[in-house]
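S.K.: Fold the following, please.
(chains A and B)
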Amino acid sequence: MTSSDTDRAASGKTPARPKLTDTLELDTRLLGMIGAFIAVLVVFNLLTDGRFLTPRNIFNLTIQTVSVAIMATGMVFVIVTRHIDLSVGALLATCSAVMAMMQTAWLPQVLGLPLGHPMIPWLAIAAGIFAGAAIGAFQGYLTGYLFIPAFIVTLGGLLVWRNTGWYLTNGQTIGPLDPTFQMFGGINGTLGAFWSWVLGIVATLAALAALWAKRRDKLRHGFAVKPLWAEFALGAIIAGAILGFIKILNSYEVPAARLRREFEARSEVMPEGYTEVYGLPISVLLLIVVAVVMTVIARKTRLGRYIFAAGGNPQAAELSGINTRLLTVKVFTIMGVLCAISAVVASARLTNHSNDIGTLDELRVIAAAVIGGTALAGGLGTIYGAILGALIMQSLQSGMAMVGVDAPLQNIVVGSVLVLAVLIDIIYRRRTGKG
Amino acid sequence: MTPLVDIRNLSIAFGGVQAVDDVSINLYPGEVVGLLGHNGAGKSTLIKILSGAYRADSGEIWIDGKKATINSPRDARAYNIETIHQTLALADNLPAPANLFLGRELRTMFGFLDDSRMESETRKIMARLNPNFRKIAEPVSALSGGQRQSVAIARAVYFNARILIMDEPTAALGVHETKMVADLIKELKAQGLGIFLISHDTREMMELCDRVSVMKNGQLIGTERVEDVTEDDILSMIIMGKKPEKAA
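M.R.: Numbers count the residues shown, from 1 in each chain, chains lettered A, B, ... in the order given. Alright, predicted model coming up:
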């Protein structure tokens, strides 16, 4: 009954030999983005005479990307369900204010925990995440149950939460934050060489095991599988990427002056020729965990399936018995929790909470998701795309700063890239008929 | 014999417009009842009450001789009522298996989606309904009208519908595909399903249905056995809103 199929059979065309990307079952769109990312890196590396792709700069690039990237994964769900969240930067500020006040004022003064008590950072983080979840759920309720467009709810939220943060702190900068809390910020909390390697190897083995399990599952159901060589090639690429990344981070040495200070603080003398490397920052590890959890939600849970179904056709989702109103609340709650996690990273990186923390982050987060292939029309988007989008934006920004491009010109370029990326995406989808 | 579905005095209004006005219809196992009428006559609205998309203002639905409470699409499914909506109600961005199992996903023992099993079940049912169907992994937006229709039908058949509602199932289809749907209706009817069929094609209805009910302006004009009436009688019921004069 499929007329197009019979037409094809009648015209006697044999199907073309499968393309390499099809054999590897790779997403050509993802490859395009990785290509663009590598191009950006290479161009800036040439323009800066090799200063861009040093272990030190790559380390900085990753820790600068984390906060926006974490929120971008949540923005994917929001945009996929045909909503938008303009309040993420402001929400980050409120969560950051709650956590800063918890650890410097409320816990010590109200609960009587002495400053530096080991429970303080964890209670502060818990309070921040609770605040983020509650505010997100409230905005989701306004959108899902009271039918106020998300654009308006979160535009209002942008003003409300930015200034709620201000009220909580009386407009003061709060710091320094708890030392344990600061470990989530990047440079003040890294795993060192040994544990970075351990983690890299564990991650590699897990990825390879997942590939293998997927293949066995397909064989068990009698589905077509990739040729073995393709499977091995893919495994080698993944292993190379993970271990290569760890190798780079493990080549960034802690400055000798800083090491000497640390030894002095313990009243020891630094041995001659002693070196130490930073390794994987805890904040980056946090981003990886968020990315894995969000990808599993998107692909392997009912919640994720319903998010994409409701984004593709809200009426169909409702007629299939999906509670789309509650779904909206859940999506905005996830967004709120992720804003709180980003707030931990952002304030820990600065070592204090300031009023303007997260300003304009909503635009960076939306841009990252959109550059990463999330369609504003809903129903399409990937978590890894959003993270790659955040990386591309941050590389452009710090690359231009390194080259010495004027600040206004930097923003002009980033803005133009956003529009251009969407245009390329539209053309790509029209050509391939995907989406 | 108790009717499979007994709709009694159902009414619903939207902002002062009486979309369905005191309508009573029943359906027996192995029977096809056609709903006819102009656009806006209230057919789709009536059917949406039965499938749980709308809640009636008044009236009752009895299923298997027991009063049923249908407040949501989930409730309707619990009574084995499956609906093929006019708009097909497919999420275009998802592939066929995700659509077939939407709202009733198969899961692994850890609670995660079991995509392989859903795909394999989809392949099985599609092999039965539409052997030419191959685009399992692609989003349904890439499918032809007939292929999309077979996904929607597969959804109803897979979950063992006892009461099937088909709202314009052939409206978007070519001649060949229309015949396939007609054959399927006959097959399902032979299996003892009760089917409500909505269509504008009077000739098709005369061929497929056992009884036809005609609606106009939200009211039921009448229900006739197809062998008792001619196509012209039906047309005049649709247009004039009057029951045919019975030959004495």
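S.K.: Identify the residues contacting residue B:235.
M.R.: residue B:202 (CB atoms under 8 Å, 6 or more residues apart in numbering or on different chains). No exception for glycine: its C-beta is placed from N, CA and C like everyone else's.
S.K.: Can you tell me, leaving aside adjacent residues, what's nearest to the residue most central in space within chain A?
M.R.: When CA atoms, centre = their mean is applied to chain A, the residue found nearest the centroid is residue A:69 (2.7 Å). Ranked by CB to CB, 6 or more residues apart in numbering or on different chains and with sequence neighbours excluded, the top spatial neighbour of residue A:69 is residue A:390, at 3.9 Å.
S.K.: got the contact list for that neighbour?
M.R.: Contacts of residue A:390 (CB under 8 Å, 6+ apart): A:65, A:68-69, A:72, A:364-365, A:368, A:372.
S.K.: can you rerun that using 7 Å?
M.R.: Counting by CB atoms under 7 Å, 6 or more residues apart in numbering or on different chains, residue A:390 makes contact with A:65, A:68-69, A:72, A:368.
S.K.: Out of those, give me the one that has the most neighbours.
M.R.: residue A:72 (36 neighbours; other CB atoms under 10 Å in any protein chain shown).
S.K.: Check that residue and give its pLDDT.
M.R.: For residue A:72, the pLDDT comes out at 97.
S.K.: hang on, the earlier thing: for the residue nearest to the centre of chain A, give its distance to residue A:381.
M.R.: From residue A:69 across to residue A:381, the span is 14 Å (CB to CB, to the nearest Å).
S.K.: residues of stretch B:123-134 that come out buried?
M.R.: For stretch B:123-134, a neighbour-count test (16 or more other CB atoms under 10 Å in any protein chain shown) marks B:123, B:125-126, B:129-130, B:133 as buried.
S.K.: what's the answer for stretch B:1-20, then?
M.R.: B:3-7, B:10-12, B:19-20.
S.K.: Please flag which of these sit within strands.
M.R.: Assigned to strands by DSSP state E, the following of those qualify: B:5-7, B:10-12, B:19-20.
S.K.: Can you pull out the residues in contact with the one helix or strand residue A:291 maps to?
M.R.: Per DSSP states H and E: residue A:291 is located in helix A:282-300. Residues outside helix A:282-300 that contact it (CB under 7 Å, 6+ apart) are A:62-63, A:66, A:69-70, A:73, A:183-186, A:189-191, A:303-304, A:338, A:341, A:345, A:383-384, A:387, B:112-113.
S.K.: which of those are buried?
M.R.: Here, 16+ other CB under 10 Å leaves A:62-63, A:66, A:69-70, A:73, A:183-186, A:189-191, A:304, A:338, A:341, A:345, A:383-384, A:387, B:113 buried among those.
S.K.: pretty sure residue B:127 is in a helix, no?
M.R.: Yes: membership of residue B:127 in a helix is supported by DSSP: H, G, I helix; E, B strand; the rest coil.
S.K.: Quick check: which ranges of the chain have low pLDDT?
M.R.: You didn't pick a chain, so chain A it is. Flagging of chain A using pLDDT under 70 yields the residue ranges A:1-26, A:433-435.
S.K.: hm, I was asking about chain B
M.R.: Low-confidence segments of chain B (pLDDT under 70): B:88, B:244-248.
S.K.: Up against chain A, what does it have?
M.R.: Selection of chain B residues close to chain A by CB under 7 Å from any CB of the partner chain yields B:53, B:72-74, B:77, B:85, B:87, B:89-94, B:98, B:102-103, B:105, B:112-113, B:116, B:120, B:130, B:132, B:142, B:144, B:146-147, B:174, B:176-177, B:180.
S.K.: Next, give phi and psi for the most centrally placed residue in chain B.
M.R.: Centroid-nearest residue in chain B, with CA atoms, centre = their mean: residue B:165, separated by 1.6 Å. Main-chain dihedrals, residue B:165, degrees, to the nearest 10: phi -110, psi 120.
S.K.: Identify the residue nearest it in space, chain neighbours excluded?
M.R.: residue B:83 (4.3 Å).
S.K.: In terms of helix, strand or coil, where does that neighbour fall?
M.R.: Under three-state DSSP, residue B:83 comes out as strand.
S.K.: now the longest helix seen in chain A and helix A:282-300, what's the angle there?
M.R.: Secondary structure of chain A per DSSP state H: the longest helix is helix A:192-220. Here helix A:192-220 runs at an angle of 10 degrees relative to helix A:282-300 (axes from the mean of the first three to the mean of the last three CA atoms, to 10 degrees).
S.K.: same for whichever helix or strand comes after helix A:192-220, what does it pack against?
M.R.: Later in the chain than helix A:192-220, the nearest helix or strand by DSSP H and E is helix A:228-249. With contacts taken as 3 or more CB pairs under 7 Å, 6 or more residues apart in numbering or on different chains; DSSP states H and E, helix A:228-249 sits against helix A:55-80, helix A:192-220.
S.K.: Could you see whether chain B lies near the last one?
M.R.: It stands for helix A:192-220. Yes: using CB under 7 Å from any CB, we find that helix A:192-220 touches chain B at A:217-218.
S.K.: by contact count, what packs against that helix?
M.R.: Using 3+ CB pairs under 7 Å, 6+ apart, the elements in contact with helix A:192-220 are helix A:228-249.
S.K.: Leaving out chain neighbours, which residue sits closest to residue B:150?
M.R.: Nearest one to residue B:150, counting by CB to CB, 6+ apart, is residue B:130 at 4.1 Å.
S.K.: The helix or strand where residue A:315 lies near chain B at all?
M.R.: Counting by DSSP H and E, the element that carries residue A:315 is helix A:314-319. Yes: judged by CB under 7 Å from any CB, helix A:314-319 and chain B are in contact via A:315-317, A:319.
S.K.: Now a PyMOL select for only the buried ones of the residues you listed.
M.R.: A single PyMOL command selects the buried members of those (16+ other CB under 10 Å):
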select buried, chain A and resi 316+317+319
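S.K.: Export the residues of helix A:314-319 next to chain B as a markdown table, with columns for distance to residue B:159.
M.R.: Compiled in a markdown table, these are given as follows (distance: CB to CB, whole Å):
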| residue | distance to residue B:159 |
| --- | --- |
| A:315 | 20 |
| A:316 | 16 |
| A:317 | 17 |
| A:319 | 14 |
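S.K.: Kindly indicate which of the residues of helix A:314-319 next to chain B lies nearest residue A:204.
M.R.: Set against residue A:204, the nearest of the residues of helix A:314-319 next to chain B by CB to CB is residue A:317 (37.8 Å).
S.K.: I'd like to know how far that closest one sits from residue B:78.
M.R.: 18 Å.
S.K.: what do you get for residue A:274?
M.R.: Distance from residue A:274 to residue B:78, by CB to CB: 70 Å.
S.K.: hang on, the earlier thing: how about the ones in strands among the buried residues of stretch B:1-20, which pair is most distant?
M.R.: B:6 and B:19 (20.6 Å).
S.K.: tell me the strands in chain A, going along the chain?
M.R.: Using DSSP E, strands in chain A do not occur.
S.K.: domain parsing for it?
M.R.: A:27-189+A:281-432, A:192-280 (automatic domain parsing).
S.K.: Now those in JSON lines, please, with extra columns for distance to residue B:33.
M.R.: Formatted as JSON lines, the domains of chain A follow (distance: least, CB to CB, whole Å):
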{"stretch": "domain A:27-189+A:281-432", "distance to residue B:33": "21"}
{"stretch": "domain A:192-280", "distance to residue B:33": "40"}
